[in-house]
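> Here you go, sequence then predicted model.
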Amino acid sequence: MSVNDTITIQVQDAVDAIAAREAVHTVFLAACGGSFAMLGPAKYVLDHESADTAAHHLNAREFTHRAPKSLGKGSVVIAASHSGTTPETVDAAAYGRDHGALVIAITNDGESPLAQNADHVVTYVHGPDIDLHDSSEGVLYRVVFGYLAAREGNTAGKNIDASLSALNGTLKKTRDDNAGAADTWAAAHKKHELVYTMASGSNFHEAYAFSICLLQEMQWVHSAAIHAGEYFHGPFEITDKDVPFIVLAGIGETRPLDTRAIDFVAKYSDDVVVLDADEMELTGVDESLRGYLAVIIFGKWLRLYADALADYRGHPLSVRRYMWRMEY
């Protein structure tokens, strides 16, 4: 059996289990770091598409400490960890099961502690040239749109499989078209110790991941992710001609928030990069899904900038000062 077939069976088993629950009224999305950011767009989809489900996106440790009163037999917990060994996320899965929730683990390692503490496991493939249909983001969307179809008869994701597969072409063109710009930016910013990111909607979570994971964790560059809707409620005061920003402009419902922020920041800073989903070649992607799926391409697009920056700084993305090197 191929990896693709195995993943498809895992996704269907998870969706079937969701459909079999007597009632579901809450979905908790729990993880840490990059996996936490990866789950964020799922909340956006559920908020926008579901009439009956309350979605909650929580850091895994806060999930167990917050102890939501609504957690129970009417809940689904989706817990994600690449290695499947993140202690906080393993605990979150166990906590969900202990409270009667249906727990679905999304991980690269189907034999990991996280997998062992879940009712159902959906694995994914990882690497630079994978099929996005079977990536972490891909399987998450397949589960979430499957949830909507199973519980509410929502058909928004009826073309999710074909659309995810079509994104492979989008990704290749995005990389080809933007590698030069990323290299130029990295060369100019190799000595910078501060970069802000900004976005809204589901794309905010990719700006957040770039800020906390790729810049802070992997390059030791000071950064903060600013929500485009919050920019004018405090953060815009730090805007100046030499302050660098990378801004994501989505194509979904919250695009007006992005464009308003871009208009202002580009007026008062000479160091602004705008990555615009409107420039993505999305042939084959269902039009109704483009706003949701653009976030996947944004993640790979930003990775071009991170890889180039790491090269110019002589600081591989794998280097850590504290993580995995000591107790914390």
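Yes, it's here.

> Could you list the low-confidence segments of the stretch 1-150 of the chain?
Applying pLDDT under 70 to the stretch 1-150 of the chain flags no residue at all.

> Give me the neighbour count for residue 52.
11 (other CB atoms under 10 Å). Any C-beta I mention is one placed from the backbone N, CA and C, and that applies to glycine too.

> wouldn't it be in contact with residue 25 here?
Yes: between residue 52 and residue 25 a contact is recorded at 6.9 Å, counting by CB atoms under 8 Å.

> Excluding residues flanking it in the chain, which one is nearest residue 126?
Spatially, and ignoring its direct neighbours in sequence, residue 126 is nearest to residue 108 (5.2 Å; CB to CB, 6 or more residues apart in numbering).

> what residues are up against that neighbour?
82-84, 123-126, 136 (CB atoms under 8 Å, 6 or more residues apart in numbering).

> Repeat that for residue 222.
Residue 222 is in contact with 193-195, 215-216, counting by CB under 8 Å, 6+ apart.

> which residues pair with it across the strands?
Residue 222 has the following beta-bridge partners by DSSP bridges: residue 194.

> Return the distance of it relative to residue 152.
Per CB to CB, to the nearest Å, residue 222 is found 43 Å from residue 152.

> same deal with residue 286?
18 Å.

> So between these two, which is more surrounded?
Counting neighbours by other CB under 10 Å for residue 286 and for residue 152 shows that residue 286 has the greater number, 18 against 15.

> That one touches residue 159, doesn't it?
Yes: Residue 286 is within contact range of residue 159, at 4.1 Å (criterion: CB under 8 Å).

> Select the longest helix from this protein.
If you go by DSSP state H, the chain has its longest helix at helix 160-189.

> Identify each buried residue in it, please.
160-161, 163-168, 170-171, 173-175, 178, 182-183, 185-186, 189 (16 or more other CB atoms under 10 Å).

> Name the helix or strand for the closest residue in space to residue 236 that isn't next to it in sequence, please.
The shortest distance from residue 236 to any non-neighbouring residue, by CB to CB, 6+ apart, is to residue 264 (6.4 Å). Taking DSSP states H and E as the criterion, residue 264 maps to helix 255-268.

> List the contacts of that helix.
By CB under 8 Å, 6+ apart, the residues outside helix 255-268 that reach it are 198-201, 203, 228-229, 231-232, 236, 239-241, 245, 247-250, 272, 274.

> Of those, which belong to helices?
Per DSSP H, the subset of these in helices is empty.

> Out of those, which end up buried?
Buried subset of those (neighbour count, 16+ other CB under 10 Å): 198-201, 203, 228-229, 231, 239, 245, 247-250, 272, 274.

> Can you give the domain ranges for this structure?
3-152, 160-313 (automatic domain parsing).

> Closest one of the buried ones among the contacts of helix 255-268 to residue 147?
residue 201 (19.8 Å; CB to CB).

> Distance of that closest one relative to residue 22?
33 Å.

> what sits against the residue most central in space within the chain?
Nearest to the geometric centre of the chain sits residue 38, at 2.4 Å (CA atoms, centre = their mean). Going by CB under 8 Å, 6+ apart, residue 38 touches 31, 80, 136-137, 140, 205, 209.
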